[in-house]
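> generate a structure from the sequence data that follows.
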Amino acid sequence: MGENQTSVTEFFLAGFPLDPRIQMLLCGLFTLFYSFTLLGNGVILGLISLDPRLHTPMYFFLSHLATVDIAYACNTVPQMLVNLLNPAKPISFAGCMTQTFLFLAFAHTECLLLVAMSYDRYVAICHPLRYSAIMSWRVCITLSVSSWVLGVLLALVHLVLLLLLPFCGPQIVNHFFCEIVAVLKLACADTRINEIAVLAGAVSVLVGPFSTIVTSYIHILRAILKIQSREGRQKAFSTCSSHLCVVGLFYGTAIIMYVGPRYGNPEEQKKYLLLFHSLFNPMLNPLIYSLRNKEVKAALKRMLAKERTL
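The predicted structure follows:
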């Protein structure tokens, strides 16, 4: 088994089977989107770190979300761009395993961070007088560190199980990056344990966290409806709307990908959904938070005004 496992030293990514001219066009377009992703999330991180008014639990979690989004995109997009320019260029075995591990780690971490953010909004709306006591910096740091640690540990389980498999034959990964299910199909052994682990992992980071978020927002909605003034209700809901949009994008894509009905070619559908998940979601998140959040827009205006006076 040791010889079989080391017989494959590199993989080739199938990417998108399109006309070369269309691939060149997509490469330019995706490079632009990738630049917007880095710029948008970088601006969010810069504003939160430089503006003292944004040094609150809500924006502390948002800074972690922006960090995950940058890492998410950096893990998959550069390899996809290389593949569009040169489909024959391989990725090393170690590089492929690393990409799989990092993608899973960032995906799990984002799921857990979204739960932490929903808990923060629940406390802010349902227990406003106790907010400072409940959402202390110690609690915020514990929640964020726990999200990262659990995300990495869950991904590590998948990586260890993957490295135990022998790879001795096919080398073409039917994806634009080393997605775990696509890589498992190239193994020269029974992968049932790995597939069960992938399914269990998907359930644990999708169904559990999503149910928690839904429960939080049911309580939030009840609390908002009890507010007498219309202005008060709008202000309360506005603090949650950005997070709701991000949750809808993230979990909506994931649920369609893993739970939704399959028509036509499911592998191709999953490929394009993961493209949205790893490129467009990280690009849209900072736009959602900047366009729908008055505090972020105000911080950006203050920063721009400060630059002009220098």
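
> buried ones in the lengthiest strand in the chain?
For the chain, the longest strand by residue count, based on DSSP state E, is strand 10-13. By 16 or more other CB atoms under 10 Å, the buried positions in strand 10-13 come out as Phe11, Leu13. All C-beta atoms are positioned from the backbone trio N, CA, C, and that covers glycine.

> which strands and helices lie in contact with it?
Judged by 3 or more CB pairs under 8 Å, 6 or more residues apart in numbering; DSSP states H and E, the packing partners of strand 10-13 are helix 57-85, strand 91-92, helix 93-126, strand 172-173.

> got the angle between the third one and helix 57-85?
By that I understand helix 93-126. 150 degrees (axes from the mean of the first three to the mean of the last three CA atoms, to 10 degrees).

> quick check: buried residues in helix 93-126?
Buried residues in helix 93-126, counted by 16+ other CB under 10 Å: 93, 96-97, 99-126.

> pLDDT weak spots in the stretch 1-150 of the chain?
Low-confidence segments of the stretch 1-150 of the chain (pLDDT under 70): 1-6.

> list of residues touching the longest strand of the chain?
79-80, 83, 87-88, 90-93, 96, 171-173, 175-178, 183, 186 (CB atoms under 8 Å, 6 or more residues apart in numbering).

> helices along the protein, start to end?
Secondary structure of the chain (DSSP state H): helices located at 2-7, 20-50, 57-85, 93-126, 131-134, 137-163, 180-184, 192-202, 208-226, 230-258, 266-275, 281-291, 294-309.

> right, and Tyr72 touches Phe106 too?
Yes: taking contacts as CB atoms under 8 Å, Tyr72 lies within contact range of Phe106: 4.7 Å.

> from Ser35, how far out is Gln23?
The gap separating Gln23 from Ser35 is 19 Å, by CB to CB, to the nearest Å.

> swap in Ser238?
In terms of CB to CB, Ser238 sits 30 Å off from Ser35.

> go on, Phe276?
Where Ser35 is concerned, Phe276 sits at a distance of 18 Å (CB to CB).

> out of those two, which sits in the busier spot?
A direct count of neighbours by other CB atoms under 10 Å for Phe276 and Ser35 places Phe276 higher, at 15 against 11.

> who's in contact with the more buried one?
For Phe276, the contact set (CB under 8 Å, 6+ apart) comprises Thr253.

> take the helices of the chain and lay them out in TSV including distance to Leu13.
Below are the helices of the chain laid out as TSV (distance: least, CB to CB, whole Å):
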stretch	distance to Leu13
helix 2-7	19
helix 20-50	13
helix 57-85	5
helix 93-126	9
helix 131-134	46
helix 137-163	17
helix 180-184	9
helix 192-202	19
helix 208-226	30
helix 230-258	19
helix 266-275	11
helix 281-291	20
helix 294-309	36
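
> sorry, back to before: how far out from the middle of the chain is the longest strand of the chain?
Mean-position distance between strand 10-13 and its chain equals 24 Å (CA atoms, centre = their mean, to the nearest Å).

> just checking: what are the partner strands of it?
Sheet pairing of strand 10-13 (DSSP bridges) gives strand 91-92 (antiparallel), strand 172-173 (parallel).

> who's in contact with Phe237?
Residues counted as contacts of Phe237 (CB under 8 Å, 6+ apart) are Ile224.

> quick one: it and His127, what's the gap?
Per CB to CB, Phe237 is found 17 Å from His127.

> now do Val149
27 Å.

> next: Leu65.
Per CB to CB, Leu65 is found 23 Å from His127.

> ok, Pro20 next?
Where His127 is concerned, Pro20 sits at a distance of 58 Å (CB to CB).

> next, count neighbours for the nearest residue in space to His108 that is not next to it in sequence.
Closest residue to His108 apart from its sequence neighbours, by CB to CB, 6 or more residues apart in numbering: Gly151 at 3.7 Å. Counted with other CB under 10 Å, residues neighbouring Gly151 total 22.

> residues touching Gly151, list them.
Neighbouring residues of Gly151 by CB under 8 Å, 6+ apart: Ala105, Phe106, Ala107, His108, Thr109, Glu110, Cys111, Leu112.

> closest one to Val139 among the helices and strands packed on strand 10-13?
Between Val139 and these, the tightest spacing by CB to CB is seen for helix 57-85, at 8.1 Å.

> any idea how far Ala197 is from Lys185?
Relative to Ala197, Lys185 is positioned 15 Å away (CB to CB).

> so for these two, which sits in the more crowded spot?
More crowded of Lys185 and Ala197, by other CB under 10 Å: Ala197, with 18 against 13.

> now that one: closest residue in space, sequence neighbours ignored.
Ala197 sits nearest to Leu161 (CB to CB, 6+ apart), 5.7 Å away.
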